[in-house]
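**Q** no sequence on this one, just coordinates:
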């Protein structure tokens, strides 16, 4: 069971190629999959255990200087021999509001003990921006 984070739901018609199996960001109960256009950055499938941190960051546009919220994910690569985590930034390339993405990813990261279906339902609510304070626990 995978859900596309680009659209915040089961089916994605956002133009990211989600229906062809190339989800830019997808979640299962135990794995976060990230695909970005930059060939130097290849996080791929990240089990929850390899996620070091999920952090909201305000990033300035190099041209206009305007700041936009993005989500930085620090992770340990599978083939890494050193202890230094790598990072990937998410937000601008997705149709989900960055704050909703942040809430959903934090909920997913803390949800190891949750019922998988309830966890994905809660994440979907967060991605859509409809959440209650109980959904953030």
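**A** Noted; the coordinates are in hand. It should be emphasised that the depicted structure is a prediction, and the values quoted were computed from it without experimental measurement. Numbering: from 1, shown residues only.

**Q** Make sure residue 92 is actually in contact with residue 69.
**A** No - in this structure, residue 92 is not within contact of residue 69 by C-beta atoms under 8 Å, at 9.3 Å. No exception for glycine: its C-beta is placed from N, CA and C like everyone else's.

**Q** who has more neighbours, those two?
**A** With neighbours defined as other C-beta atoms under 10 Å, residue 92 and residue 69 compare such that residue 69 has more, 15 against 11.

**Q** helix, strand or coil for that one?
**A** strand (DSSP: H, G, I helix; E, B strand; the rest coil).

**Q** wait, it sits on residue 57?
**A** Yes - here residue 69 reaches residue 57: they are 7.4 Å apart, a contact under C-beta under 8 Å.

**Q** Spell out the residue ranges of the helices in the protein.
**A** Using DSSP state H, the helices assigned to the chain run over residues 98-109, 116-127.

**Q** any chance of the ones you listed in a markdown table, with mean pLDDT too?
**A** Shown next, in a markdown table, are the helices of the chain (pLDDT from 0 to 100):
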| stretch | mean pLDDT |
| --- | --- |
| helix 98-109 | 92 |
| helix 116-127 | 90 |
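
**Q** Deepest-packed of those, please.
**A** helix 98-109 (a mean of 21; mean count of other C-beta atoms under 10 Å).

**Q** gap between that one and the chain center?
**A** From the chain centre to the centre of helix 98-109 is a distance of 7 Å (C-alpha atoms, centre = their mean, to the nearest Å).
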